[in-house]
Structure formats: C-alpha cells, structure tokens
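>>> Model the structure of this input:
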Amino acid sequence: MLKLEELRNEIKGEIFVREEMANHDIKKVSGIADILIKPSGKKDLAKILQMLGKSRFPYVVINKKGRVVFPDDRYHGVVIVTD
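Numbers count the residues shown, from 1 in each chain. Model (predicted):
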C-alpha cells in the first residue's frame with residue numbers, strides 16, 4: 001500500500017493531494033488527480049516509480065506538452081508531471 005508520508009520522506013519533488021491538473025500548465029489535460037507529483041529530477045523520478053511499482057498503486061507519467069486522455073473527470077491514481 002502506498003503511504004503518502006513515506007513518499008514525502010523519500011523524494012525531493014513536490015507532492016499535491018486532490019490537485020487540479022490545470023493549475024500546473026499541463027496542456028490539454030484537465031481534471032483532478034488524487035496525487036500529483038513533480039519530481040526534482042531523474043533520480044527522484046526513478047525513486048517514485050520504484051515506490052509506486054512496489055505498492056501497485058496506479059500511475060501515469062506525462063510531461064507538460066503531452067496529450068493524455070483520461071476516461072473521466074478524475075484520475076484515481078498518481079499523476080507524475082515532468083518537464
């Protein structure tokens with residue numbers, strides 16, 4: 001199971017809970033993410049992916065220019081935004 005506090009302790013990037021994706025200049029993507037993470041770099045991203053993989057928590061990785069189509073107005077999982 002994914003523990004938010006453990007995630008916060010392990011990574012350097014920003015973590016937002018129940019966050020509007022439109023607040024982060026992600027083109028063509030709207031809706032609310034249960035958890036939105038902005039890793040501080042490649043090592044941070046690798047750590048995040050490892051933790052999410054172990055927990056089996058659903059996630060998607062997108063960049064600010066990416067086009068992603070979500071099935072509804074809310075994505076139940078982690079959204080990782082890279083530059």
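>>> Quick one: list the elements packing against the longest helix along the chain.
Longest helix in the chain by number of residues, with DSSP state H as the criterion: helix 42-55. Under the contact definition 3 or more CB pairs under 8 Å, 6 or more residues apart in numbering; DSSP states H and E, helix 42-55 sits against helix 4-10, strand 59-63, strand 74-82. For the C-beta atoms, the positions are set from N, CA and C on the backbone; glycine is no exception.
>>> for the last one, packing partners?
When you say that, I think you mean strand 74-82. strand 32-38, helix 42-55, strand 59-63.
>>> Redo the ones you listed as JSON lines? Include distance to D83, mean pLDDT and mean neighbour count.
Converted to JSON lines, the helices and strands packed on strand 74-82 look like this (distance: least, CB to CB, whole Å; pLDDT from 0 to 100; neighbours: other CB atoms under 10 Å):
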{"stretch": "strand 32-38", "distance to D83": "9", "mean pLDDT": "92", "mean neighbour count": "20"}
{"stretch": "helix 42-55", "distance to D83": "11", "mean pLDDT": "90", "mean neighbour count": "15"}
{"stretch": "strand 59-63", "distance to D83": "7", "mean pLDDT": "81", "mean neighbour count": "16"}
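>>> For H76, find the nearest of the ones you listed.
strand 32-38 (5.8 Å; CB to CB).
>>> List the neighbouring strands of the closest one plus their orientation.
Paired strands of strand 32-38, with direction, are strand 14-20 (antiparallel), strand 74-82 (parallel) (DSSP bridges).
>>> out of those strands, nearest to K64?
So among the strands paired with strand 32-38, strand 74-82 is nearest, using CB to CB, at 6.6 Å.
>>> buried sites along that closest one?
For strand 74-82, a neighbour-count test (16 or more other CB atoms under 10 Å) marks Y75, V78, V79, I80, V81, T82 as buried.
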